[in-house]
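Student: After the sequence you'll find the predicted model.
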Amino acid sequence: MSREDAELARLVRLARQADLPDAARLARVRAKIMTPTAAPAPASNAPLAAGKGILGAKIVAGLAAVGLGVWSYTDLTRAVPEATVPTVAPASQPAEAPEPERASASALPDLSEPQTPREAAIKPRSKRPRSTLASEPSGTLAQETALLQLAAIELRAGQLDRARATLAEFVRRYPNASLQADRERLERRLAQSAR
Amino acid sequence: MSTAALAPQLESPASPEAADAIARAYDEHAPVVFRVLRRFGVSDAALDDAVQDVFLVACRRRTAFEGRSSTRTWLYGIARRVARDHRLRSRRGARETDDTDKLHTSRDPASITEAAEAARLLDSALDGMSETLREAYVLLELEELSAPEIATLLDLPLNTVYSRVRLARQHVQAFVRALSQGRAR
């Protein structure tokens, strides 16, 4: 083994030890996971595959049209050269978690079940009449995200007109959407792609 | 923990059986999950949340776990995606230079400092890689998964895994060479 290889092996061995957490940190995170109020059902993108509801079905159709699976909205908006078709679990969104920074609007909720107890109480998804979907000035995070995901899929597939129409529909449906920044980012990417 | 024991019992964090299963899975795999999330680029400030996300997703996605891989490999797959989302959501600043409070307190200060410095140098080497090369290198060299396991985890052909690891090794070797010659930062 050369001197460089030996040095590299030493670095790797030491680095493996450096990244291990101490007992206090392990215990702290363990307590957070095991505390029921800190571990509500986190959101995920899994419902995109389930295709429930109007938007879910639309997303599934969009996915099938371009032959893509979806991991997360942020994954779609990244400029990634190769297509990614993840097969394992998506990231979770901590719904109604105590730490405000975890309730990020860019995290993706679960479409097949309510994201938070509040939403479950107010909007039982399976009982919502279809006619209400288009009438709300701001949709649920799940609804907004689903439509933006469809636009992102279409954009990545080079279907610029469809992506533009989807974003226009987003603005029409949700003029007071909470994911405005994400919509604007997609529109900038659309404008760049159109040049 | 066997995969058979893990999957059926993770119903929800609220049930006693699920809580026990999560606790056992955490006790067995959490240190490695911490490490792989750091190596995948999650900042230390976001690390606790990322680890929590991994185990909560594991609980939710138990029905998707078909047992084709070990529990550890399955958790790596979840950690990989959690890390990606965390990196995209937060601006990844420079790695803290003082990690002494994060390390096992049973180690002597000299070895802690040496390990932290090694981790910092390796981080610098990994920072210059693409995400695809970094993932392959971290999983094989640091987490010591086999190439077939990585191929399954990343859904890649085996030759692609070998190719990426080879390129990543060349990158790190060049970095170490430059370091040895006093030109690294």
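Tutor: Thanks, I have it.
Student: With adjacent residues omitted, what lies nearest to residue B:87?
Tutor: Counting by CB to CB, 6 or more residues apart in numbering or on different chains, residue B:41 is the residue found nearest to residue B:87 once chain neighbours are left out, at 5.0 Å. Glycine gets a C-beta too; all of them are placed from N, C-alpha and C.
Student: Please report phi then psi for that neighbour.
Tutor: Dihedral pair for residue B:41: phi 100, psi 10, per degrees, to the nearest 10.
Student: And for the one 4 residues further on?
Tutor: Note on residue B:45: its backbone torsions stand at phi -60, psi -30 [degrees, to the nearest 10].
Student: What is the burial count for it?
Tutor: 13 (other CB atoms under 10 Å in any protein chain shown).
Student: measure it to chain A for me?
Tutor: Distance of residue B:45 to chain A, given as CB to the nearest CB, to the nearest Å: 9 Å.
Student: Could you do residue B:23 as well?
Tutor: Distance of residue B:23 to chain A, computed by CB to the nearest CB: 6 Å.
Student: Residue A:35 is in contact with that residue, correct?
Tutor: No: with contact defined as CB atoms under 8 Å, residue B:23 does not reach residue A:35; the gap is 11.9 Å.
Student: Residue A:177 belongs to a strand?
Tutor: No: remark: residue A:177 does not belong to a strand; assigned using DSSP: H, G, I helix; E, B strand; the rest coil, it is coil.
Student: And it, what's its pLDDT?
Tutor: Model confidence at residue A:177, given as pLDDT, is 78.
Student: Could you pull up the residues touching the most centrally placed residue in chain B?
Tutor: Centrality entry for chain B: nearest residue to the mean C-alpha point is residue B:36, 1.2 Å, by CA atoms, centre = their mean. Applying CB atoms under 8 Å, 6 or more residues apart in numbering or on different chains to residue B:36 gives the contacts B:76, B:79-80, B:83, B:138-139, B:142-143.
Student: Could you rank these by neighbour count and give me the top one?
Tutor: residue B:79 (30 neighbours).
Student: returning to that earlier point: quick one: which of the contacts of residue B:36 is nearest residue A:19?
Tutor: Comparing those against residue A:19 with CB to CB picks out residue B:142 as the nearest, at 8.2 Å.
Student: my guess is the closest one meets residue B:39, correct?
Tutor: Yes: applying CB under 8 Å, one finds residue B:142 in contact with residue B:39, separated by 5.6 Å.
Student: Among the contacts of residue B:36, which one lies nearest to chain A?
Tutor: The shortest gap between chain A and any of the contacts of residue B:36 belongs to residue B:142, at 5.8 Å (CB to the nearest CB).
Student: Against residue B:124, how distant is that closest one?
Tutor: Here the distance between residue B:142 and residue B:124 works out to 15 Å (CB to CB, to the nearest Å).
Student: that's a helix at residue B:144, yeah?
Tutor: No: using three-state DSSP, the assignment for residue B:144 is coil, not a helix.
Student: Please enumerate the helices of chain B.
Tutor: Taking DSSP state H as the criterion, chain B carries its helices at B:3-9, B:16-39, B:44-60, B:71-89, B:109-127, B:131-137, B:147-154, B:158-180.
Student: number of nearby residues for residue 159?
Tutor: Since you didn't name a chain, this refers to chain A. As a burial measure, residue A:159 scores 17 neighbours (other CB under 10 Å).
Student: You answered for a different chain; I wanted chain B.
Tutor: A count of nearby residues for residue B:159, using other CB under 10 Å, gives 10.
Student: end-to-end on stretch B:52-72?
Tutor: Across its full length, stretch B:52-72 reaches 15 Å end to end, with CA to CA, to the nearest Å as the criterion.
Student: Tabulate the helices of chain B in CSV, adding columns for mean pLDDT.
Tutor: As requested, those are exported to CSV (pLDDT from 0 to 100):
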stretch, mean pLDDT
helix B:3-9, 40
helix B:16-39, 84
helix B:44-60, 88
helix B:71-89, 86
helix B:109-127, 77
helix B:131-137, 91
helix B:147-154, 89
helix B:158-180, 88
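Student: Redo these as JSON lines? Include distance to residue A:18.
Tutor: As requested, those are exported to JSON lines (distance: least, CB to CB, whole Å):
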{"stretch": "helix B:3-9", "distance to residue A:18": "28"}
{"stretch": "helix B:16-39", "distance to residue A:18": "9"}
{"stretch": "helix B:44-60", "distance to residue A:18": "12"}
{"stretch": "helix B:71-89", "distance to residue A:18": "17"}
{"stretch": "helix B:109-127", "distance to residue A:18": "4"}
{"stretch": "helix B:131-137", "distance to residue A:18": "16"}
{"stretch": "helix B:147-154", "distance to residue A:18": "22"}
{"stretch": "helix B:158-180", "distance to residue A:18": "16"}
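Student: I'd like to know which of the ones you listed lies nearest to residue A:161.
Tutor: Across these, residue A:161 has its closest neighbour in helix B:71-89 (27.3 Å, CB to CB).
Student: In terms of secondary structure, what does the closest one contact?
Tutor: Based on contacts counted as 3 or more CB pairs under 8 Å, 6 or more residues apart in numbering or on different chains; DSSP states H and E, the elements that helix B:71-89 packs against are helix A:73-77, helix B:3-9, helix B:16-39, helix B:44-60, helix B:147-154.
Student: Quick one: low-confidence residue ranges for chain A.
Tutor: Residue ranges of chain A with pLDDT under 70: A:1, A:36-139, A:142.
Student: one more time with 90
Tutor: Along chain A, the parts satisfying pLDDT under 90 run over A:1-24, A:28, A:30-195.
Student: residues in contact with the helix or strand harbouring residue A:7?
Tutor: Assigned by DSSP states H and E, residue A:7 belongs to helix A:3-18. Residues from elsewhere that reach helix A:3-18 (CB under 8 Å, 6+ apart): A:1, B:35, B:99, B:103, B:107, B:114-119, B:121-123, B:141-142, B:172-173, B:176-177, B:179-180.
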